[in-house]
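A.B. asks: Sharing a sequence plus its predicted fold:
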Amino acid sequence: MSLRETFAANLRRARKAAGLSQEELAHRAQIDRTYVSSLERCQYAVSLDLIEKLAEQLGIEPFELLQKPSSGN
């Protein structure tokens with residue numbers, strides 16, 4: 001799994017765990033909803049600044065969006 005795929009899966013998982021729609025997360029992070037969708041589908045690379053902003057809105061640490069799942073999962 002590439003880092004971009006890991007980020008996309010973690011973003012989707014964290015967003016759903018927070019009970020947020022793509023639209024609500026985008027609104028809170030002050031980005032376009034279609035950009036959130038594109039990130040979750042691995043269409044775009046994400047900047048460190050945006051990782052930080054998204055993590056803040058999701059109530060998680062930025063590294064959690066980049067952390068590959070352990071082999072036990």
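C.D. replies: Sure thing, it's come through. Worth saying up front: this structure is predicted, and the values here are computed from it rather than measured.

A.B. asks: so who does the most centrally placed residue in the chain touch?
C.D. replies: Centroid-nearest residue in the chain: residue 11, 2.5 Å away (criterion: Cα atoms, centre = their mean). For residue 11, the contacting residues are 36, 39, 40, 54, 65, by Cβ atoms under 8 Å, 6 or more residues apart in numbering. Placement of C-beta: from N, CA and C, glycine included.

A.B. asks: what's the burial count for the second one?
C.D. replies: One way to gauge burial is a neighbour count; for residue 39, by other Cβ atoms under 10 Å, it gives 25.

A.B. asks: Kindly report the same for residue 35.
C.D. replies: 16.

A.B. asks: now do residue 36
C.D. replies: For residue 36, using other Cβ under 10 Å, the count is 23.

A.B. asks: Would you confirm that it contacts residue 22?
C.D. replies: Yes - using Cβ atoms under 8 Å, residue 36 makes contact with residue 22 at a distance of 4.4 Å.

A.B. asks: overlap in contacts of these two?
C.D. replies: residue 15.

A.B. asks: re earlier: can you put the contacts of residue 11 in TSV and add pLDDT, secondary structure and distance to residue 47?
C.D. replies: As requested, these are exported to TSV (pLDDT from 0 to 100; DSSP: H, G, I helix; E, B strand; the rest coil; distance: Cβ to Cβ, whole Å):
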residue	pLDDT	secondary structure	distance to residue 47
36	97	helix	14
39	98	helix	11
40	97	helix	16
54	98	helix	10
65	98	helix	12
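
A.B. asks: May I see the buried residues of the longest helix along the chain?
C.D. replies: In the chain, assigned by DSSP state H, the helix with the most residues is helix 3-17. Using 16 or more other Cβ atoms under 10 Å as the test for burial, helix 3-17 gives 6, 7, 8, 9, 10, 11, 12, 14, 15.
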